[in-house]
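S.K.: This is a predicted model, with the sequence first.
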Amino acid sequence: MRVCAPPDDECAESLAGVGVPLVPVGESARSLMHGETPPSAADLARRRVEMVAEQFETVAAAAEGCDALVAAGLMQVAARSVAEKRRIRYAYVSYQPVGLPSPHHPPPPRPGWSPPPEGADNQVLWAQDALGVNELFAPALNTHRASIGLPAVDDVRGHVFTGHPWLAADPVLGPWQETAGLDVVQTGAWVRQDTRPLPDELEAFLDAGDPPVYVGFGSMRAPEDIARVAVEAIRARGRRALVARGWADLAPADDGDDCFAVGEVNQQALFGRVAAVVHHGGAGTTTTAARAGAPQVVVPQMVDQPYWAGRVAGLGIGAAHDGPTPTVGSLSAALGVALAPGTRARAAEVAGTVRTDGAAAAARLLLDAVGRGGPPVSV
């Protein structure tokens with residue numbers, strides 16, 4: 001087994017921990033997200049097209065000797081072609097329902113693309129999305145397919161997704177609604193059990209008072225001044241603050257003993273010991289907080305994160321902040337919802353329903369498909 005992913009240390013270290021080699025492909029996600037200035041729409045488009053050529057070379061080499069290829073994310077444009085050429089099984093996985101076409105929801109906003117017109121029908125929006133994907137990727141994809149003796153593709157998005165994609169999201173947190181023409185298999189979220197102990201200094205902070213409110217934005221380019229805003233909002237609620245540095249290198253604005261900064265840490269162990277989790281709404285963080293029974297405040301920044309914010313609010317396990325840039329007042333108001341006794345009770349109730357076997361379910365599907373043999377169709 002091997003994994004093709006951006007050449008970031010965090011990814012390499014996580015894979016090394018389970019004995020899986022990283023095959024670097026593309027540029028560093030951290031560098032892209034946290035350069036001096038965000039990349040322009042034109043720059044993003046150029047980089048995406050350049051990725052296709054690199055994927056055909058790198059993924060094809062990595063897939064040598066493999067029985068199957070699993071791709072995640074629309075940017076993995078070359079993966080299915082590699083699987084076709086090598087005559088091996090192929091599966092596409094989405095980590096959120098809104099990543100797959102359905103009349104029940106609009107497509108997520110794609111970085112660098114113009115926002116869609118308000119009020120447009122979801123099916124119209126998905127049709128426009130398909131045209132945009134074709135316009136961006138079809139020339140490069142079909143040029144490379146022709147070079148390895150494969151026929152042209154007229155629907156890039158449908159080609160990548162297949163008619164039988166997997167959905168690696170929890171059925172309670174992110175349920176799939178049946179959609180004609182798309183046979184989705186919902187495996188549950190893919191979560192690896194984390195057994196690392198919390199650092200001694202963090203344990204001491206947790207033991208020194210009431211459960212704090214955790215604030216973290218993971219790999220995101222966090223809202224400006226968010227650490228100060230968050231700490232002030234948390235203090236306004238009479239709570240201590242635990243600030244996760246993340247890729248934005250957040251830190252409390254002062255050295256008050258009611259604040260603590262933490263680096264990369266076992267969130268599975270930590271979230272069960274906090275009063276609430278304030279975060280960006282990534283699929284992984286949302287699922288981890290939900291499994292721990294921690295009330296959430298989601299401050300969505302991009303792509304699928306507004307969806308997860310809506311799910312958290314809709315399930316009654318937290319609050320969805322309106323917009324990506326909170327003020328002390330707006331975040332304090334959202335914390336008021338998350339810290340309410342009824343929200344914690346509901347979060348504990350939902351925690352008991354979250355599946356923990358999603359990765360095992362997907363592995364069984366893949367092994368079964370490989371074991372059946374036959375032609376190299378999608379799993």
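M.R.: Thanks, I have it.

S.K.: Once you drop chain neighbours, what's closest to residue 296?
M.R.: residue 318 (3.4 Å; C-beta to C-beta, 6 or more residues apart in numbering). The way it works is simple: take the backbone N, C-alpha and C, and place the C-beta from them, glycine included.

S.K.: and the gap between the one you found and residue 345?
M.R.: 12 Å (C-beta to C-beta, to the nearest Å).

S.K.: neighbour-wise, which of these two wins?
M.R.: residue 318 (31 against 14; other C-beta atoms under 10 Å).

S.K.: And that one, its phi and psi?
M.R.: Backbone torsions of residue 318, given as degrees, to the nearest 10, read phi 170, psi -160.

S.K.: Now do the helices for this structure: every range, in order, please.
M.R.: Secondary structure of the chain by DSSP state H: the helices cover 9-16, 29-33, 41-62, 79-86, 122-147, 156-161, 200-207, 226-236, 267-270, 283-292, 305-315, 328-338, 341-351, 358-372.

S.K.: so which of the ones you listed is the most packed in?
M.R.: helix 283-292 (a mean of 24; mean count of other C-beta atoms under 10 Å).

S.K.: any idea of the mean pLDDT for that helix?
M.R.: Mean pLDDT, computed over helix 283-292, is 97.

S.K.: mind checking how far residue 167 is from residue 74?
M.R.: For residue 167, the distance to residue 74 - C-beta to C-beta - is 14 Å.

S.K.: tally of neighbours for the nearest residue to residue 216 once chain neighbours are set aside?
M.R.: Excluding its sequence neighbours, the residue lying closest to residue 216 (C-beta to C-beta, 6+ apart) is residue 244, at 3.1 Å. The tally of other residues near residue 244 (other C-beta under 10 Å) stands at 23.

S.K.: which residues does residue 244 bridge with?
M.R.: Legend: beta-bridge partners of residue 244 under DSSP bridges are residue 262.

S.K.: Would you mind confirming that it makes contact with residue 250?
M.R.: Yes: here residue 244 lies in contact with residue 250, judged by C-beta atoms under 8 Å, at a distance of 6.8 Å.

S.K.: Please read off the pLDDT at the residue nearest to residue 216 from the model.
M.R.: 96.

S.K.: follow-up on the earlier one: looking at residue 167 and residue 74, which is more packed in?
M.R.: Taking neighbours as other C-beta under 10 Å, residue 167 and residue 74 compare with residue 167 leading, 23 against 19.

S.K.: Who are the contact partners of that one?
M.R.: By C-beta atoms under 8 Å, 6 or more residues apart in numbering, the contact list for residue 167 reads 93, 94, 97, 100, 174, 176, 184, 185, 186, 187.

S.K.: Identify the residue spatially nearest to it, adjacent ones excluded.
M.R.: Residue 167 sits nearest to residue 186 (C-beta to C-beta, 6+ apart), 4.4 Å away.

S.K.: tell me the pLDDT at that neighbour?
M.R.: pLDDT, read off for residue 186, is 97.

S.K.: Burial check on it, number of neighbours?
M.R.: 20.

S.K.: thought it was touching residue 171?
M.R.: Yes: counting by C-beta under 8 Å, residue 186 touches residue 171, with 5.6 Å between them.

S.K.: Can you tell me which helix or strand of this protein has the lowest average pLDDT?
M.R.: helix 29-33 (a mean of 71; mean pLDDT, DSSP states H and E).

S.K.: ok, for the residue lying farthest from the centre of the chain, nearest residue in space, not its chain neighbours?
M.R.: Distance from the C-alpha centroid of the chain, by C-alpha atoms, centre = their mean, peaks at residue 149 (34.2 Å). Nearest non-adjacent residue to residue 149, counting by C-beta to C-beta, 6+ apart: residue 85, 7.7 Å away.

S.K.: is it true that the one you found touches residue 148?
M.R.: Yes: the pair residue 85 / residue 148 is scored as a contact, 5.3 Å apart, by C-beta under 8 Å.

S.K.: Contact partners for the residue nearest to residue 149?
M.R.: 60, 148, 149, 150.

S.K.: Okay, domains of this protein per the record?
M.R.: The chain breaks down by automatic domain parsing into domains covering 38-191+357-372, 200-351.

S.K.: Just the endpoints, please. Distance across the last one?
M.R.: From its first residue to its last, domain 200-351 covers 27 Å (C-alpha to C-alpha, to the nearest Å).

S.K.: for stretch 75-84, what is the average pLDDT?
M.R.: 93.

S.K.: Give me the residue ranges of the chain where confidence is low.
M.R.: Along the chain, the parts satisfying pLDDT under 70 run over 32-42, 44-45, 373-379.

S.K.: okay, now residue 70: neighbour count?
M.R.: 18.

S.K.: show me what contacts it?
M.R.: Contacts of residue 70 (C-beta under 8 Å, 6+ apart): 90, 91, 92, 93, 366.

S.K.: Dig out what it forms beta bridges with.
M.R.: residue 91.

S.K.: Please verify my assumption that residue 56 contacts residue 146.
M.R.: No: counting by C-beta under 8 Å, residue 146 is not a contact partner of residue 56; they are 11.5 Å apart.

S.K.: For the closest residue to residue 105 other than its chain neighbours, give its distance to residue 107.
M.R.: Nearest non-adjacent residue to residue 105, counting by C-beta to C-beta, 6+ apart: residue 98, 5.0 Å away. Note on residue 98: its distance to residue 107, by C-beta to C-beta, is 7 Å.

S.K.: go on, residue 57?
M.R.: Counting by C-beta to C-beta, the gap from residue 57 to residue 107 is 29 Å.

S.K.: do residue 365 as well
M.R.: Residue 365 is 26 Å from residue 107, by C-beta to C-beta.

S.K.: Sweet, I'm off.
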